[in-house]
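Engineer: quick one, fold the following:
(one chain, ligands or ions: 2)
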Amino acid sequence: MKITYSGHSTFTVETPNGTILFDPFISGNPLIEDKDLSRFKPDCILVSHGHMDHVADVEAIALQSEALVISNYEVSTWFGNKGIKTHPLNHGGKNKFDIGTVKYVNAVHTSSLPDGSYGGSPGGFVVWNEGYCFYFAGDTALTMDMKLIPMTCPKLDFAILPIGDNFTMGYEDAAIAAEFIQADKIIGCHYDTFGYIEIDHNKAKAAFAEKGKELILMELGQTIEL
Ligand code: NI
Ligand code: MN
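Structural biologist: Numbers count the residues shown, from 1 in each chain. Ligands and ions are numbered 1, 2, ... in the order given. Reported below is the predicted structural model:
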């Protein structure tokens with residue numbers, strides 16, 4: 001699978017069954033110069049929660065690509081009211097889509113939409129199909145609920161976890177999360193975008209290495225194959 005990092009929590013994952021875009025936030029990201037959204041052509045957009053730094057470019061990309069937006073009930077309804085194709089999930093629920101099975105799992109955080117509407121409870125996603133399984137945690141604290149993921153989903157090939165601290169868990173807690181979810185390869189997200197969440201990359205990698213885990217910190221625009 002090809003994974004492309006577009007800053008903050010924005011990832012494109014190209015699976016054999018289609019392309020998934022997570023939490024598109026390009027237009028408001030101070031680190032990204034190229035604000036052109038036309039390069040995004042996903043089959044579906046998975047939205048972890050309603051905060052601006054996760055939903056900013058959902059509408060524009062969904063309208064240009066006709067991608068299906070999958071999120072919690074409240075966020076899905078909010079985008080559905082804008083004429084976007086959506087599918088609502090709620091915590092613990094999964095559904096089979098063309099791109100694979102998508103399960104909405106617990107996150108400990110908050111969720112409100114840019115206009116102040118209620119954004120439901122925030123979540124993360126576990127996505128799997130024949131031959132692969134990965135977890136996108138969204139914004140979350142370290143939570144014991146993460147231990148349920150290996151009990152209820154196929155073995156994870158990798159996970160995308162927030163590591164920036166302040167608004168989410170920091171890398172120390174994220175390294176413990178990697179143990180809870182039994183994943184060896186972790187891609188970091190939600191760090192360095194703003195002053196509050198700037199981190200020391202070497203210390204972050206060392207925290208994971210201590211637990212026998214690999215922390216991958218991707219460059220903006222970089223694509224890797226896992
Ligand atoms: Ni958030
Ligand atoms: Mn956030």
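Engineer: so Ile20: helix, strand or coil?
Structural biologist: strand (DSSP: H, G, I helix; E, B strand; the rest coil).
Engineer: number of residues surrounding it?
Structural biologist: 27 (other C-beta atoms under 10 Å). Any C-beta I mention is one placed from the backbone N, CA and C, and that applies to glycine too.
Engineer: any idea how far Cys189 is from the nearest residue to Gly83 once chain neighbours are set aside?
Structural biologist: Spatial nearest neighbour of Gly83, chain neighbours left out: Leu63 (7.8 Å); criterion: C-beta to C-beta, 6 or more residues apart in numbering. Distance from Leu63 to Cys189, counting by C-beta to C-beta, to the nearest Å: 25 Å.
Engineer: of these two, which one has the most company?
Structural biologist: Shown here are Leu63 and Cys189; by other C-beta under 10 Å, Cys189 has more neighbours (28 against 13).
Engineer: in the sheet, who's paired with the more buried one?
Structural biologist: Beta-bridge pairing for Cys189 (DSSP bridges): Pro162.
Engineer: does it touch Ser9 like I think?
Structural biologist: Yes. Contact criterion C-beta atoms under 8 Å: Cys189 and Ser9 qualify, at 4.7 Å.
Engineer: what do the two both touch?
Structural biologist: Common contact partners of Cys189 and Ser9 (C-beta atoms under 8 Å, 6 or more residues apart in numbering): Ile160, Pro162.
Engineer: what residues does Ile99 make contact with?
Structural biologist: Ile99 sits next to Thr15, Asn17, Gly18, Thr19, Ile20, Asp43, Cys44, Val127, Asn129 when contact means C-beta under 8 Å, 6+ apart.
Engineer: list just the nearest of those to ligand 2.
Structural biologist: Here the nearest of the contacts of Ile99 to ligand 2, counting by C-beta to the ion, is Ile20; it sits at 18.5 Å.
Engineer: so what's the residue count around Ile197?
Structural biologist: Neighbours around Ile197, by other C-beta under 10 Å: 18.
Engineer: cool, thanks, talk later.
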